[in-house]
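Novice: Next one to model:
(chains A, B and C)
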Amino acid sequence: MQISIRDVTKRFGDFTALDEVRLDIRSGELVALLGPSGSGKTTLLRIVAGFEWPDEGEVQFDGEDALSHSVGERHVGFVFQHYALFRHLTVFENVAFGLRVRPRRYRLGEADIRKRVERLLDLVQLGWLAARYPQQLSGGQRQRVALARALAIEPRVLLLDEPFGALDAKVRKELRRWLRHLHTELHVTSIFVTHDQEEALEVADRVVVMDKGRIQQAGTPQQVYDHPRTPAVHEFIGESIVVPVTIEAGEVRFAGEPLGLDPQGLESGAAQLFARPHDLAIVPSSGEHRLRGVVRRIHGIGPARRVEIALEANNRETLIEVDALRAQPLRVGERVGVKPEQYRLFRAEA
Amino acid sequence: MTVLPHFEIMAGHEALYDMAPARKLQRKLDVRADPPAVKWAIIALTVAFLGIFIVVPLINVFAQAFAKGVRVYLAALADPDALAAIRLTVVVAFSAVVANGVFGLTAAWAIAKFDFRGKNFLITLIDLPFSVSPVIAGLVFVLLFGLQGFAGPWLAAHDIKIVFAVPGIILATIFVTFPFIVRELIPLMQEQGTEEEEAALSLGASGLTTFFRVTLPNVKWALLYGVLICNARAMGEFGAVSVVSGHIRGETNTMPLHIEALYEGYQSAPAFAVASLLALLALVTLVAKTALEKRTNKG
Amino acid sequence: MSATAALPRRRRVIPGFGITLGATVLWLSLIVLIPLAALFLKASELSLGEFFAILASRRVLHALQLSFSLSLAAAAVNLVFGMLVVWALVRYRFPGRRLLDAIVDIPFALPTAVAGIALTNLYAESGWFGGLLARIGIEVAFTPLGIFVALVFIGLPFVVRTVQPVLEDLEKELEEAAASLGASRFTIVRRVVLPSIVPALLTGFALAFARALGEYGSVIFIAGNLPNVSEIAPLLIVIRLQEFRYADASAIAVVMLVAAFLLLFIINALQRWSEARTGRRL
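Specialist: Okay, here's the model as predicted:
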């Protein structure tokens, strides 16, 4: 099912949670809404679900206005961060709930309900726990039950609110992979909210990065990682180092020295150079067209080491982290040069 | 806080090191222990106080009930006026429990599942009957529905009796037990939040279905607890009912009023016999309360 | 612009707000607010002069003064002994502690009329305690002293149950810290433990006082009910009602109600104070 979100704005008192948000979600897509807390991602999800209503804007499901329908009428499957399983019902009855509360006309027979529930429990590999109660299950198991429950009503869209947020790291990784696999099998349009960028990049077809109530960028995981469009996106996805630079006469300069880099279309003035630690090379400090600094700390085990380097400019220090191969000989206190191999330039924020 | 001079602190430590037997060390280490003399004195005082003021009067009820023998006891309970009183008490208590139960669930839903201005004020108003003397609780209904009350003439004209009749007793009892059930439900429902209800709605359940299938089962023990204490209070209410009742034996006397009538009539043993039933009810209620508290881990 | 312009935007996802709030307010008004309003309405039929004349009459003044002073005294006794009881229940382990804990609730649960006749019988000259006390010349039943005993009975659980959770939750680290700083046991109790429970103590006191003020059933049998001697205010209200002197009854009731509401206000403030002191809801 296709979803259109147009100019959606939502305010809570003085606080603007969503600011004229526009987004299209294609049928069968698995989209991640990614952002820090307060970015508006959960509010947007709840508006799509029908738990909140926007102050302005439209939401359409396959061209039909969704906002004039209640959450029950929208036929969405919602998965809560803290599962929201019905504590007085067994796992089986939890999953069957959506099928049991249908108006008599649309209700399935008992045998059909049983079949469908059992099929779903097998899908989430919890058939053996059907008679247990939620309190007797682990967090990961509960979330899978919640998922099965949401899928039981054959929803048009699956909405997940930080579904793995309450679980520990190992379980999270497992369920992540498993959700991806499930989506490939079922092809239900799905939107999930997360603040974990690793999760978003690993699982989603498309990542929508949000900050301060706005969509900063929407694209495939590769796109947002390799070509971040704003400083917020660059910083939120993957690791970033930031170096304050100036653009003068078409050249990029640090501490007055030209770096020999393409100004990427920016005009003269203060700017920021964003790069990832693994896109920087450590070179001898003598020579032109390079950043210069002193090695402060070297740490890390494994094939790559993390080198902390302090760059100097106008008596102010900028600390950056660079990945270096184990083989490369480096000492703390050594003067080195740094050359960015891949980078993005942004106007300096006021 | 004065600072002990250095040598005094050292002296204290030396006393420890001077190797007192292990128990003395243990006691010195448990900083929260009171000296045993104090401890046992307090315990003795406590037992004495509770014994004198509570236990003895309670035992007295049963002692006096059987003072004239088992036959008199049973005869008192089988007396038609006593039976009528018991019947009336059950009817009144049942009505109060049902009325306050339905109200309690409705009010708890409005208060616990939603946010709105004036919520605290509403809760304070609901708690008002707790602060009102039972006699005043009866008085206000006489003022409203009594012959000389505000609605008196109208009621008389339509031959409707509220005060000095059963409806008045029920009203006064509802007033007195008004907050009991809702007060048990609100904290629990607030703690449980709205997520399960939201989940039910997202699965297509209607509001009413959600209430009966999700909310109600989740509060069933708190509801039972509230019903229990509401019932106990309703059955035992005296002051308010005394004011609105006509004190007509066999008709408008609840058990407490019947007890009063018997006692004032110098029929001490029968009075205590009926009283023993209410005392038993109180004890059973306490036991059930404790059992339920363990169930719901209250407090 | 859009077809949804007519849609109400301030919606609640959970249904039933309007109807449940409406029903709640309606029922509350019918059962509680309107009847209470009737009281004030009736009292307002008196002119201010008449109102005060009633209150200033000897009998009424005595009844009010008796109710207030005895309730205060009983609450004070419950404060002191309640403190001992709650200390024993929370701090000590001894056989029968759980039983004692359950016993504290009996005055809450026992119907007032039952308590009333039990106490009267006990303290009358023919009763177990009454007989003993008579031998040393003390009369309890049918005197103000009897009223006092009954009020102590019914107020007993209030102090205990209000202070108990606060005392139970008191972090033992506080006492350990004080001890490590050199404080004696007595100092620890006086300076660390007691201040933390003072708000709860006062709240319990106020609750016991409020309850005693309005008490009728437990007291009416053991009091002598002699005007100007052992007549409590609630009884006077009943008598005036039976005499169809509704306005008089209302006047006295209004005074008692206002006092009760004032106490309620104070109790709420005390509870908030306790919450601030210990971070715990009372």
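Novice: And the strand or helix carrying residue C:39, what's buried?
Specialist: If you go by DSSP states H and E, residue C:39 is part of helix C:34-44. If you call a residue buried by 16 or more other CB atoms under 10 Å in any protein chain shown, then helix C:34-44 has these buried ones: C:35, C:36, C:38, C:39, C:42, C:43. Using the backbone N, CA and C atoms, a C-beta is placed for each residue, glycine as well.
Novice: Could you tell me how many residues sit around residue B:35?
Specialist: Neighbours of residue B:35 under the rule other CB atoms under 10 Å in any protein chain shown: 11.
Novice: Which neighbouring elements make contact with the helix or strand containing residue B:225?
Specialist: Per DSSP H and E: residue B:225 is located in helix B:220-236. Counting contacts by 3 or more CB pairs under 8 Å, 6 or more residues apart in numbering or on different chains; DSSP states H and E, helix B:220-236 packs against helix B:80-112, helix B:166-176, helix B:180-192, helix B:268-296, helix C:112-123.
Novice: now the most centrally placed residue in chain B, nearest residue through space, not along the chain?
Specialist: Nearest to the mean C-alpha position of chain B, counting by CA atoms, centre = their mean, stands residue B:229 at 4.4 Å. Residue nearest to residue B:229 in three dimensions, not counting chain neighbours: residue B:180, with 5.6 Å by CB to CB, 6 or more residues apart in numbering or on different chains.
Novice: On the three-state scheme, residue C:229 is what?
Specialist: Under DSSP: H, G, I helix; E, B strand; the rest coil, the three-state class of residue C:229 is coil.
Novice: Could you pull up the residues touching residue 140?
Specialist: Going with chain A. For residue A:140, the contacting residues are A:167, A:171, A:174, A:175, by CB atoms under 8 Å, 6 or more residues apart in numbering or on different chains.
Novice: nope, chain C
Specialist: Shown in contact with residue C:140 (CB under 8 Å, 6+ apart): C:123, C:129, C:130, C:133, C:146, C:149, C:222.
Novice: Next one: the closest residue to it other than its chain neighbours from residue A:330, what distance?
Specialist: Closest residue in space to residue C:140, ignoring its immediate chain neighbours: residue C:123 at 4.0 Å, by CB to CB, 6+ apart. For residue C:123, the distance to residue A:330 equals 94 Å [CB to CB, to the nearest Å].
Novice: Between those two, which is the more surrounded one?
Specialist: The neighbour comparison of residue C:123 against residue A:330 (other CB under 10 Å) goes to residue C:123, with 28 against 15.
Novice: List the residues that contact that one.
Specialist: Contact analysis of residue C:123 by CB under 8 Å, 6+ apart lists C:129, C:130, C:133, C:140, C:141, C:146, C:149, C:222.
Novice: Take those residues and write them to a markdown table, including secondary structure and distance to residue B:84.
Specialist: Output for those, formatted as a markdown table (DSSP: H, G, I helix; E, B strand; the rest coil; distance: CB to CB, whole Å):
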| residue | secondary structure | distance to residue B:84 |
| --- | --- | --- |
| C:129 | helix | 34 |
| C:130 | helix | 33 |
| C:133 | helix | 38 |
| C:140 | coil | 34 |
| C:141 | coil | 30 |
| C:146 | helix | 31 |
| C:149 | helix | 33 |
| C:222 | coil | 27 |
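Novice: and of the residues you listed, the nearest to residue A:40?
Specialist: Set against residue A:40, the nearest of those by CB to CB is residue C:149 (66.0 Å).
Novice: give me the number of residues near residue 146?
Specialist: No chain in the question, so chain A it is. Burial of residue A:146 is recorded as 26 neighbouring residues (other CB under 10 Å).
Novice: You answered for a different chain; I wanted chain B.
Specialist: Count around residue B:146 with other CB under 10 Å applied: 22.
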